[in-house]
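Trainee: Build the 3D model from these lines:
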Amino acid sequence: PTLFAKYDGSLIGAHDQIHMPPVSDDLDWEAELAVVVGRPGRHVPREKALAHVAGYTVANDVTVRDWQHRTREFLSGKTFEATTPVGPVLVTPDELPPGASGLDISCSVDGHTMQKSNTADLLFDVADTIAYISTVITLLPGDLILTGTPGGVGAGRDPKVFLRPGQELVTAVEGIGELRNTVVKDRL
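Mentor: Numbers count the residues shown, from 1 in each chain. Reported below is the predicted structural model:
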């Protein structure tokens with residue numbers, strides 16, 4: 001998996017406003033299943049990885065695409081202030097299929113479906129992702145892992161489509177919940 005960090009200043013609540021930075025018009029959506037780590041772990045084997053999960057929630061890895069592609073590192077495009085909605089609840093693993101697999105995931109902009117898929121189609125499942133990341137760094141309780149997005153992002157469309165101020169972004173994962181966020185232009 002491709003890894004990048006997000007700083008806590010990028011995170012917002014399930015119904016908070018997404019702040020479109022004044023330095024870009026290329027704000028894009030990425031519906032994602034989010035894993036909340038419950039137990040610390042380093043070098044976690046795949047077969048023990050799900051025991052490190054406290055629960056699951058919904059996230060949208062809203063990305064500033066032109067900043068993401070300025071260099072080979074994704075960081076600057078992935079961690080703009082107040083751009084990543086997360087929530088609205090934490091659903092424990094016993095309430096979902098193992099690894100939260102087989103759940104419908106979707107994203108819409110102003111009522112138009114842009115992404116629709118299933119968590120069974122993730123390139124790397126939750127257990128593989130935890131095992132991989134824990135090879136690099138110790139996972140700690142409260143860490144969030146966003147698991148990847150399905151096709152349908154704005155930058156992948158022809159022509160490209162990006163979010164604009166006033167638009168409503170709705171992100172949902174079956175059995176977990178829904179994010180509902182409005183885009184606003186951030187101030188300089």
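Trainee: Stretch 157-166: which residues count as buried?
Mentor: V161, F162, L163 (16 or more other C-beta atoms under 10 Å). For the C-beta atoms, the positions are set from N, CA and C on the backbone; glycine is no exception.
Trainee: Let me see the mean pLDDT of that stretch.
Mentor: Stretch 157-166 comes out with an average pLDDT of 97.
Trainee: Make TSV out of the buried residues of stretch 157-166 and add distance to F4.
Mentor: Below are those laid out as TSV (distance: C-beta to C-beta, whole Å):
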residue	distance to F4
V161	23
F162	20
L163	20
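Trainee: Of those residues, just say which sits nearest to L96.
Mentor: L96 has its nearest neighbour among the buried residues of stretch 157-166 in L163, at 29.0 Å by C-beta to C-beta.
Trainee: Which strand or helix spans the closest one?
Mentor: Secondary structure assignment for L163, by DSSP states H and E: no helix or strand.
Trainee: quick one, strands of the chain?
Mentor: 11-12, 18-20, 27-28, 31-37, 53-60, 63-64, 84-91, 104-109, 112-118, 144-146, 168-173, 177-185 (DSSP state E).
Trainee: Throw the ones you listed into JSON lines and include distance to E47 and mean neighbour count, thanks.
Mentor: JSON lines is the format used below for those (distance: least, C-beta to C-beta, whole Å; neighbours: other C-beta atoms under 10 Å):
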{"stretch": "strand 11-12", "distance to E47": "31", "mean neighbour count": "20"}
{"stretch": "strand 18-20", "distance to E47": "38", "mean neighbour count": "23"}
{"stretch": "strand 27-28", "distance to E47": "36", "mean neighbour count": "25"}
{"stretch": "strand 31-37", "distance to E47": "17", "mean neighbour count": "24"}
{"stretch": "strand 53-60", "distance to E47": "14", "mean neighbour count": "23"}
{"stretch": "strand 63-64", "distance to E47": "33", "mean neighbour count": "24"}
{"stretch": "strand 84-91", "distance to E47": "23", "mean neighbour count": "19"}
{"stretch": "strand 104-109", "distance to E47": "25", "mean neighbour count": "20"}
{"stretch": "strand 112-118", "distance to E47": "23", "mean neighbour count": "16"}
{"stretch": "strand 144-146", "distance to E47": "18", "mean neighbour count": "19"}
{"stretch": "strand 168-173", "distance to E47": "25", "mean neighbour count": "22"}
{"stretch": "strand 177-185", "distance to E47": "29", "mean neighbour count": "18"}
